[in-house]
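Enquirer: Here is my input, please return the structure:
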Amino acid sequence: MTILARSRSKKFDPDDFDIRDYVDGAAAFYGATANVIMQLSLPPVGYGVAESRVHSGSIMRHPVKRTRTTLTYLSVALMGTDEDRAAYREAVNSVHRHVRSTADSPVKYNAFDRDLQMWVAACLYWGSVDVMNRLHGPSDDEIADTFYSYAHHLGTTLQVPREMWPADRAAFDAYWAEHLPRTSIDPTIKAYFDRLLDLRMIAAPLRLPMARFHRWYTTGLLPEHLRNEMGMTWTERDERRLNRLMRASGTLIGLMPRPIRNFPFNATLADMRRRRRRGLPLV
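Expert: Residues are numbered from 1 along each chain as shown. The predicted model follows:
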């Protein structure tokens, strides 16, 4: 996911904030699987996905479609208009209506639960900032505060009311510190995560050269609590190697024109608008 931090020679003016200056599509390459694991490590979210009867949205069955849907959600939430967000919220709602626990489910869940959606949005925000810092270094406080305020769209494009979004970054840190320890990964959900980490959803000729590297850097982007839940090992040497890799990537990304930095989010937003004009399904 998403934010490109760059130092500015002039004083930052929040009124001049343009999200396109900070959207970094390459970060989706690094942060996607770690963010899914963070979200689904809250058991009601994890079982909502693992038991979902909406097979058309399963990344294991339809990896391209699911990836496009997720990228579209992020592009609409971050770069779309209020009209775009309302249309996509309704499209997501049409799927979420079918995601609810049964009498046989180990935990109770409902995809319209605002507390669960708040956790998903919090993971998207936390992950984006973590990847941002690794790629480009910490942003100025004024930029970080402005983006944080803007990031409420990650929740309100679902069902999270604006007032549920913590008031400021300090309040968010308190929310994160309280809720992260509530996550846990049982054998059923771990098996699902292992399939994601090993890229079992893609064909072997593509999977085999990439899977080990994918598992390694995803491990490094997980909070320590979740690495421990997964039984993963991460050393100081691993951390140094990952930071060198990501900082080199960030340097290269910073040299690119904005439309290239914004890809694929600008493309998925344009595709969503095209689908909407033509009356095609959005998810």
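
Enquirer: Please count neighbours and contacts with C-alpha atoms only from this point.
Expert: Fine.

Enquirer: does Ser52 count as helix, strand or coil?
Expert: The three-state assignment at Ser52 reads coil, by DSSP: H, G, I helix; E, B strand; the rest coil.

Enquirer: my guess is it meets Val99, correct?
Expert: Yes. At 6.0 Å, Ser52 and Val99 qualify as touching, with contact defined as CA atoms under 8 Å.

Enquirer: Same drill for these two, tell me which one is more crowded.
Expert: The neighbour comparison of Ser52 against Val99 (other CA atoms under 10 Å) goes to Val99, with 20 against 17.

Enquirer: ok, now which ones touch that one?
Expert: Neighbour list for Val99: 48, 52-54, 110-111 [criterion: CA atoms under 8 Å, 6 or more residues apart in numbering].

Enquirer: Would you map the helices across the stretch 1-150 of the chain?
Expert: Listed in chain order, the helices of the stretch 1-150 of the chain (DSSP state H, counting those that start in this stretch) span 26-40, 43-50, 63-79, 82-96, 114-136, 141-150.

Enquirer: Could you check those and tell me which one is nearest Ile189?
Expert: In terms of CA to CA, the element of the helices of the stretch 1-150 of the chain nearest to Ile189 is helix 43-50, at 6.6 Å.

Enquirer: If you count neighbours, what's buried in that closest one?
Expert: Neighbour-count burial for helix 43-50 flags 43-49 (criterion: 16 or more other CA atoms under 10 Å).

Enquirer: where are the low-confidence patches of this protein?
Expert: The model of the chain has pLDDT under 70 over residues 1-11, 54-58, 60.

Enquirer: Show me the residue at the heart of it, geometrically.
Expert: The C-alpha lying nearest the average C-alpha coordinate of the chain belongs to Leu124 (CA atoms, centre = their mean; 4.0 Å).

Enquirer: next one: stretch 205-214 to chain centre, how far?
Expert: Stretch 205-214 sits 21 Å away from the centroid of its parent chain (CA atoms, centre = their mean, to the nearest Å).

Enquirer: Now that stretch - C-alpha only, PDB.
Expert: What follows is stretch 205-214, C-alpha atoms only, in PDB (Å, rounded to 0.1, in the frame of the first residue of the first chain):
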ATOM      1  CA  PRO A 205       6.100 -21.600 -13.100                       C
ATOM      2  CA  LEU A 206       5.400 -18.200 -11.500                       C
ATOM      3  CA  ARG A 207       5.100 -19.300  -7.900                       C
ATOM      4  CA  LEU A 208       8.400 -21.300  -7.500                       C
ATOM      5  CA  PRO A 209      10.800 -18.400  -8.300                       C
ATOM      6  CA  MET A 210       8.900 -16.000  -6.100                       C
ATOM      7  CA  ALA A 211       7.500 -17.800  -3.100                       C
ATOM      8  CA  ARG A 212      10.500 -17.900  -0.800                       C
ATOM      9  CA  PHE A 213      11.200 -14.200  -1.300                       C
ATOM     10  CA  HIS A 214       7.600 -13.400  -0.900                       C
END
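
Enquirer: Pull the residues that contact it.
Expert: In contact with stretch 205-214 (CA under 8 Å, 6+ apart) are residues 197-200.

Enquirer: Spit out the contact partners of the residue nearest to Ala248 when sequence neighbours are not counted.
Expert: Closest residue in space to Ala248, ignoring its immediate chain neighbours: Leu135 at 7.6 Å, by CA to CA, 6 or more residues apart in numbering. By CA under 8 Å, 6+ apart, the contact list for Leu135 reads 4, 243, 246-251.

Enquirer: burial count for Asp15?
Expert: Every residue meeting other CA under 10 Å relative to Asp15 is counted, giving 7.

Enquirer: still on that earlier bit, columns distance to His214 on top of the helices of the stretch 1-150 of the chain, output as a markdown table?
Expert: Shown next, in a markdown table, are the helices of the stretch 1-150 of the chain (distance: least, CA to CA, whole Å):
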| stretch | distance to His214 |
| --- | --- |
| helix 26-40 | 8 |
| helix 43-50 | 21 |
| helix 63-79 | 16 |
| helix 82-96 | 28 |
| helix 114-136 | 15 |
| helix 141-150 | 28 |
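
Enquirer: Now stretch 20-31: buried residues?
Expert: 20, 22-28, 30-31.

Enquirer: Report the distance from it to the chain centre.
Expert: Here stretch 20-31 is found 10 Å from its chain centre; the criterion is CA atoms, centre = their mean.

Enquirer: I am finished for the moment; much appreciated.
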